[in-house]
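Chemist: missing the sequence, but the structure's below:
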């Protein structure tokens, strides 16, 4: 009896034919975009810290996950300005 009730509830309350619901799909999309955003900024900040020889910043940027906020602050405020891409 319980299995029949669960089956009916599960199949009749779905918003999409292949499972999941609107919140789950949008939440997954937001998380995926946040991961991509964070990885891009983290990569740029780690590259800049490594090239500048700033070991403390490199470790801090590597260990702290702040969705790109610390990385953006490091790149535009705390790091030394260099001319060109090779320096």
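Modeler: Okay, I see it. Please read these numbers as outputs of a predicted model, since none were measured by experiment. Numbers count the residues shown, from 1 in each chain.
Chemist: Which helix runs longest in the chain?
Modeler: helix 22-52 (DSSP state H).
Chemist: buried set for it?
Modeler: 38, 41, 42, 44, 45, 46, 48, 49 (16 or more other Cβ atoms under 10 Å). (Each C-beta comes from the backbone N, C-alpha and C, glycine too.)
Chemist: cool, and stretch 54-62?
Modeler: 54, 57, 58, 61.
Chemist: What helix or strand is the second one located in?
Modeler: Using DSSP states H and E, residue 57 falls within helix 55-63.
Chemist: got a list of contacts for that helix?
Modeler: The contact list for helix 55-63, computed with Cβ atoms under 8 Å, 6 or more residues apart in numbering, reads 42, 45, 46, 49, 50, 70, 71, 74, 78, 79.
Chemist: Which pair in these has the greatest spatial separation?
Modeler: 50 and 70 (15.8 Å; Cβ to Cβ).
Chemist: Does residue 41 touch residue 76 like I think?
Modeler: No: applying Cβ atoms under 8 Å, one finds residue 41 not in contact with residue 76, separated by 10.7 Å.
Chemist: In three-state terms, how would residue 66 be classified?
Modeler: Here residue 66 takes the coil state, with states given by DSSP: H, G, I helix; E, B strand; the rest coil.
Chemist: actually residue 80, not the one I wrote
Modeler: Once three-state DSSP is applied, residue 80 turns out coil.
Chemist: distance of the nearest residue to it once chain neighbours are set aside from residue 59?
Modeler: Spatial nearest neighbour of residue 80, excluding adjacent residues (Cβ to Cβ, 6 or more residues apart in numbering): residue 52 at 6.2 Å. With distances taken as Cβ to Cβ, to the nearest Å, residue 52 is found 13 Å from residue 59.
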